[in-house]
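>>> what's the 3D shape of this:
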Amino acid sequence: MAIPSEHRHLLDLDARQLLCVCRACSLLFDRPAAGRGQLKLVPQRRLRLERFVLSDAIWEQLRIPVDMAYFFHASRQRRVLAYYPGPMGATESRLELTAWEALEQANPVLSELEEDVEALLVNRVGDNRRQWLVPIEDCYRLVAAIRTRWRGFSGGREVWEAIDAFFAQLDRQARSDPNNKRGGGRGEETRWRSADVKVM
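Numbering: from 1, shown residues only. So this is what the prediction gives:
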């Protein structure tokens, strides 16, 4: 069956790669047992975490060397992983688990992240102090935008325009979760064109 330009994705848990799927397959893999522990359907929930508690002190304790990162529960490793995007792609950061536990206690929504396929995305560049709950494919898209457009030492104008465009689009498609208590309903069922999704 042909895959339309707008479609869902599966995540291969071993390779950490996205696979494009047609609508029929996306319906099939919407059942947890369908992937046999190897493939997971990437959800479509996007939430703006407007009352998220993340102080500068906790951010420093998380040991993220830059001001943009994403975090997800990795079922294979049985722990939370942290990555930050850069000109060479996504780099894993040595996450301070005690700091993460404190962050999770302050923000119950984090306990609802679906393993492997949902992430906390944080943007603290400049004056930004913003957080979202997103499908993991959004993080891959951000990584790809930075990796393919970075020029020179500071990145250049093109990459920062791409970053601004990414977060503007995310804001349009995310729904607000001001209480940060429960993930609530799903966000708009937005599907990305295959050209928009790149894998780390």
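>>> buried ones in whichever strand or helix holds residue 122?
Using DSSP states H and E, residue 122 sits within strand 118-123. By neighbour count with 16 or more other Cβ atoms under 10 Å, strand 118-123 contains the buried residues 118, 119, 120, 121, 122, 123. Any C-beta I mention is one placed from the backbone N, CA and C, and that applies to glycine too.
>>> from what I can see residue 140 touches residue 17, true?
No - counting by Cβ atoms under 8 Å, residue 140 stays clear of residue 17, with 9.2 Å between them.
>>> Let me see the contact set for residue 167.
Contact partners of residue 167, counting by Cβ atoms under 8 Å, 6 or more residues apart in numbering, are 123, 130.
>>> On the secondary structure side, give me the element for it.
Taking DSSP H and E as the criterion, residue 167 maps to helix 157-173.
>>> Over to residue 3?
Going by DSSP H and E, residue 3 is not part of any helix or strand.
>>> That one and residue 136, how far apart?
19 Å (Cβ to Cβ, to the nearest Å).
>>> between those two, which one's more packed in?
Using other Cβ atoms under 10 Å as the criterion, residue 3 and residue 136 rank with residue 136 on top: 24 against 14.
>>> Least confident secondary structure element in the chain?
helix 23-28 (a mean of 79; mean pLDDT, DSSP states H and E).
>>> chain center to it: distance?
Taking Cα atoms, centre = their mean, to the nearest Å, one finds helix 23-28 lying 22 Å from the centre of the chain it belongs to.
>>> which is the next helix or strand following that helix?
Sequence order places strand 39-41 as the next helix or strand after helix 23-28, per DSSP H and E.
>>> and that next one, which strands flank it?
Under the criterion DSSP bridges, strand 39-41 sits next to strand 8-12 (antiparallel) in its sheet.
>>> and the strand it pairs with, how far out from the chain's middle?
14 Å.
>>> Can I get that strand in CSV, CA atoms only?
Taking C-alpha atoms only, strand 8-12 is exported to CSV below (Å, rounded to 0.1, in the frame of the first residue of the first chain):
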residue,chain,number,x,y,z
ARG,A,8,2.4,8.2,11.0
HIS,A,9,5.7,6.6,12.1
LEU,A,10,6.9,3.6,13.9
LEU,A,11,10.0,3.7,16.1
ASP,A,12,12.4,0.7,15.9
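>>> Tell me which residues are up against that strand.
Contact with strand 8-12 is made by 17-21, 23, 25-26, 29, 35, 38-42, 44, 116-117, 136-137, 191, 197, as judged by Cβ under 8 Å, 6+ apart.
>>> model confidence over it, on average?
For strand 8-12, mean pLDDT rounds to 91.
>>> For the helix or strand following it, enumerate the helices and strands it packs against.
For strand 8-12, the following helix or strand on the C-terminal side (DSSP H and E) is strand 17-21. Applying 3 or more Cβ pairs under 8 Å, 6 or more residues apart in numbering; DSSP states H and E, one finds that strand 17-21 contacts strand 8-12.
>>> quick check: angle from the strand it packs on to strand 17-21?
Between strand 8-12 and strand 17-21, the angle comes out at 140 degrees (axes from the mean of the first three to the mean of the last three Cα atoms, to 10 degrees).
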